[in-house]
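> Below are the sequence and a predicted model; questions follow.
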Amino acid sequence: MAISLEKGGRINLEKEAPGLTNLHVGLGWDTRVTDGTDFDLDASLLMVNAEGKALNEKSFIFYNNRRSDCGSIEHMGDNLTGAGEGDDEVIKISLPTIPASCERIVVAVTIHEAESRSQNFGQVENAFIRILNADTQEEVVRYDLSEDYSTQTSLIFAELYIKDGQWRFAAKGDGFAGGLAKLLETYGLA
């Protein structure tokens, strides 16, 4: 049975799911308020070093760079509307092939063209991130966002990080304004 976390919660993935090496990171959401314009939420990952900066431009995985240069992470495609049940976007991660210089993997979601469409995360509901064992399809952990993010256009949903040689998961829910550009700037990318 999957562990359900609240904001700030953490688990040791290797203790909760011994032998876990291949992750299915599923992200989903529904729109609550709309003027008829579709919401295009975009999931992305950043591989980050000990200094809190992206390893390089190729370590930013999103709909236009769907595979990390080391082959450890693969974005499975962009859902332009969020329609349908279950995971709206999926990212696969192979933990054993993550470069040693990567200490954290930041999982973020941004609203495409949020300012021009007058959209924000306050208009989104049922947002979640979940980690499944990609080999067994068993859900390991889930974090359902429950706060009102009415001014934010970017959210760091979660982080995977290594501590004492083991991968862990942290439920973040850190929102900020400025969209994708601000997110990238935070981690040293232009």
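Everything's here; your move. Numbering: from 1, shown residues only.
> going on from the helix or strand containing His24, what's the next piece of helix or strand?
Under the criterion of DSSP states H and E, His24 resides in strand 22-31. Counting by DSSP H and E, the element after strand 22-31 in chain order, helix or strand, is strand 41-48.
> helices and strands around that following strand, which ones?
strand 22-31, strand 60-61, strand 73-75, strand 89-94, strand 104-111, helix 179-186 (3 or more C-beta pairs under 8 Å, 6 or more residues apart in numbering; DSSP states H and E). Every C-beta, even on glycine, is put in place using the N, C-alpha and C of the backbone.
> helices or strands up against the longest one?
Which is strand 22-31. So strand 22-31, by 3+ C-beta pairs under 8 Å, 6+ apart, packs with strand 41-48, strand 89-94, strand 104-111, strand 124-133.
> can you tell which of the helices and strands packed on strand 41-48 is closest to Arg142?
strand 22-31 (9.0 Å; C-beta to C-beta).
> got the buried residues for that closest one?
23-29, 31 (16 or more other C-beta atoms under 10 Å).
> What of stretch 88-108?
In stretch 88-108, counting by 16+ other C-beta under 10 Å, buried: 88-91, 93-95, 98, 102-108.
> Which one of those residues is nearest to Asn12?
The nearest one, if we look at those relative to Asn12 and count by C-beta to C-beta, is Leu95, at 12.8 Å.
> Find the centremost residue of the chain, please.
Val107 (2.6 Å; C-alpha atoms, centre = their mean).
> returning to what we had before: export the helices and strands packed on strand 41-48 to a markdown table and tack on distance to Ser4?
As requested, the helices and strands packed on strand 41-48 are exported to a markdown table (distance: least, C-beta to C-beta, whole Å):
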| stretch | distance to Ser4 |
| --- | --- |
| strand 22-31 | 14 |
| strand 60-61 | 26 |
| strand 73-75 | 25 |
| strand 89-94 | 20 |
| strand 104-111 | 17 |
| helix 179-186 | 26 |
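> now those in a markdown table, with mean pLDDT and distance to Asp42?
Output for the helices and strands packed on strand 41-48, formatted as a markdown table (pLDDT from 0 to 100; distance: least, C-beta to C-beta, whole Å):
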| stretch | mean pLDDT | distance to Asp42 |
| --- | --- | --- |
| strand 22-31 | 86 | 10 |
| strand 60-61 | 92 | 11 |
| strand 73-75 | 93 | 9 |
| strand 89-94 | 93 | 8 |
| strand 104-111 | 89 | 5 |
| helix 179-186 | 84 | 7 |
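> circling back to that earlier point, I'd like the helices and strands packed on strand 22-31 as TSV, with distance to Lys15 appended.
Compiled in TSV, the helices and strands packed on strand 22-31 are given as follows (distance: least, C-beta to C-beta, whole Å):
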stretch	distance to Lys15
strand 41-48	23
strand 89-94	18
strand 104-111	18
strand 124-133	14
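> Compare those strands and give me the one nearest Gly188.
Nearest of these (C-beta to C-beta): strand 41-48, 8.9 Å.
> Please find the angle between the direction vectors of that closest one and strand 124-133.
50 degrees (axes from the mean of the first three to the mean of the last three C-alpha atoms, to 10 degrees).
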